[in-house]
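Asker: Turn this into a model:
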Amino acid sequence: MDLRKMSWDTPIFSILEDMLDFAEEQPERERGGNKNNNPSRAYVRDAKAMAATPADVVEYPNRYVFVVDMPGIKASEIKVQVENENVLVVSGERKKREQQDEGVRYLSMERRVGKFLRKFSIPDNANKDTISALCTDGVLTVTVQKLPPPEPKKAKTIEVKSA
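Answerer: So this is what the prediction gives:
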């Protein structure tokens with residue numbers, strides 16, 4: 001079995017995902033530890049969050065545009081940050097809707113709940129001071145203007161002296 005071709009829909013990953021979700025739902029004292037101390041669980045959680053957040057990156061002559069699907073998420077629940085001078089991070093959390101009416105239950109729940117996260121490398125020619133973000137109709141658009149191209153250096157003329 002080639003693990004490189006496996007996706008999160010592969011049964012083994014689905015089982016692993018269910019086990020990790022179940023472990024996160026259990027109170028810490030029942031598990032006998034702290035869930036934040038296990039780096040492999042954090043890695044899997046972040047990988048799931050990134051895989052579940054589709055995005056497009058488009059380059060225009062004067063800007064880069066990152067388009068991320070955020071259905072059902074309010075703009076105030078989305079965080080856009082720049083880390084390490086060149087990583088654009090889009091994150092947040094979609095919370096499970098609390099049932100309001102007694103006797104109402106979900107028959108099917110397919111929409112993803114939980115944290116979402118995407119990280120993008122920002123090119124060197126991006127102007128990190130001009131980043132803007134707009135969320136409209138469940139689509140987040142982050143625009144990063146490009147820096148103007150550097151001026152070509154003029155040739156320096158050196159005076160030749162005679163001895």
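Asker: Which residue ranges of the chain form strands?
Answerer: 55-59, 63-69, 78-83, 87-94, 114-121, 132-136, 139-145 (DSSP state E).
Asker: For Glu151, which of these is the nearest?
Answerer: Closest to Glu151 of the strands of the chain is strand 139-145 (C-beta to C-beta; 17.9 Å). C-beta here means a position set from N, CA and C on the backbone, and glycine is covered the same way.
Asker: what's the angle between that closest one and strand 78-83?
Answerer: Here the directions of strand 139-145 and strand 78-83 differ by 30 degrees (axes from the mean of the first three to the mean of the last three C-alpha atoms, to 10 degrees).
Asker: which stretches of this structure have low pLDDT?
Answerer: Within the chain, the stretches with pLDDT under 70 are 1-39, 41-52, 97-100.
Asker: 80 instead?
Answerer: 1-53, 72, 94-102, 104-106, 109-115 (pLDDT under 80).
Asker: Mind putting the strands of the chain into CSV with distance to Ile158 and mean neighbour count?
Answerer: Conversion of these to CSV gives the following (distance: least, C-beta to C-beta, whole Å; neighbours: other C-beta atoms under 10 Å):
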stretch, distance to Ile158, mean neighbour count
strand 55-59, 40, 12
strand 63-69, 40, 17
strand 78-83, 43, 14
strand 87-94, 43, 17
strand 114-121, 41, 16
strand 132-136, 46, 13
strand 139-145, 38, 18
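Asker: Could you point out which of these sits nearest Lys154?
Answerer: Minimum separation from Lys154 across the strands of the chain (C-beta to C-beta) falls at strand 139-145, 26.5 Å.
Asker: Can you list the strands that the closest one pairs with?
Answerer: strand 63-69 (antiparallel), strand 132-136 (antiparallel) (DSSP bridges).
Asker: Let's see it as CSV, backbone CA atoms only.
Answerer: Taking C-alpha atoms only, strand 139-145 is exported to CSV below (Å, rounded to 0.1, in the frame of the first residue of the first chain):
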residue,chain,number,x,y,z
VAL,A,139,-15.4,33.5,0.8
LEU,A,140,-12.4,35.1,2.3
THR,A,141,-10.2,37.1,-0.1
VAL,A,142,-6.8,38.2,1.2
THR,A,143,-4.9,40.6,-1.1
VAL,A,144,-1.2,41.3,-0.9
GLN,A,145,0.1,44.0,-3.2
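Asker: Between the strands paired with strand 139-145, which one is closest to Met109.
Answerer: Of all the strands paired with strand 139-145, strand 63-69 sits nearest to Met109, with 18.5 Å by C-beta to C-beta.
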